[in-house]
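Trainee: got a predicted structure here, sequence first:
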Amino acid sequence: MKDDEPSVERAVRAIVRLARLLERADAGLTLAQFRILELVSRGTERSTHIATRLATSKPAITVVVDGLVAAGLLTRRGEPGDRRVVRLALTAEGREALAQAETAYGDRLRPLLAEISAPDALLGQLAEVDDAMDARWARHSPAAKDRAPKSAAAPKEPTALQTPPSPEAEVPATR
């Protein structure tokens, strides 16, 4: 296959390079911190769910969350009636830091978008990818499993364009 032909391998290389481009932005947050703040901003309140959603360990999330709490960007609060549950919430400073990081990441991405033939099409496709990842998360999330009827039908076989989740990673990584 030639380097100018679309392929999954070439897409992976581009995504990894894009991540590096964003890592170099003066965003005030690391990508890990950004991902956590962004998930909390959209309603993911528990470290366990964040760890599952990001396909990482809860201790790794706890280390980052500890730093975000110490910086005043997140708060922790207990769940009345269940001491084991701790919910995360953005502070006003956390919302501001998230907005500043989004601006900084956007500033890093815009010059690259200006060099491609159809930037609006790419942005639309990336939004579709984001939506697809959210949909996969919703199907595989702990909350979705709790809501599913016990007698649910067996899942359909994946089509040629779908990849079934691996047994060891039921939930895909996202954001």
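Mentor: Okay, I see it.

Trainee: ok, and the closest non-adjacent residue to E79?
Mentor: Spatial nearest neighbour of E79, excluding adjacent residues (CB to CB, 6 or more residues apart in numbering): V85 at 3.6 Å. Just so you know, the C-beta spots here come from the backbone N, C-alpha and C atoms, and that holds for glycine as well.

Trainee: so the one you found is in which element?
Mentor: Per DSSP states H and E, V85 falls inside strand 82-90.

Trainee: using PDB, list the CA coordinates for that strand.
Mentor: This file holds the C-alpha atoms of strand 82-90, laid out as PDB (Å, rounded to 0.1, in the frame of the first residue of the first chain):
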ATOM      1  CA  ASP A  82     -23.100   5.100  50.600                       C
ATOM      2  CA  ARG A  83     -19.700   6.100  52.000                       C
ATOM      3  CA  ARG A  84     -17.900   4.100  49.200                       C
ATOM      4  CA  VAL A  85     -19.300   6.500  46.500                       C
ATOM      5  CA  VAL A  86     -17.300   9.700  45.800                       C
ATOM      6  CA  ARG A  87     -18.600  12.100  43.200                       C
ATOM      7  CA  LEU A  88     -16.400  14.600  41.300                       C
ATOM      8  CA  ALA A  89     -17.600  18.000  40.300                       C
ATOM      9  CA  LEU A  90     -15.900  20.900  38.400                       C
END
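
Trainee: what does it contact?
Mentor: 37, 40-41, 45-47, 50, 65, 73-79, 98 (CB atoms under 8 Å, 6 or more residues apart in numbering).

Trainee: least confident of those?
Mentor: Within the set of the contacts of strand 82-90, pLDDT is lowest for E79 (79).

Trainee: tell me how far L37 lies from L31.
Mentor: With distances taken as CB to CB, to the nearest Å, L37 is found 11 Å from L31.

Trainee: so between these two, which is more surrounded?
Mentor: A count of neighbours by other CB atoms under 10 Å puts L37 above the other of L37 and L31, at 25 against 16.

Trainee: about what we covered before: now, the contacts of strand 82-90 that are in strands?
Mentor: Members of these lying in strands (criterion: DSSP state E): L74, T75, R76, R77, G78, E79.
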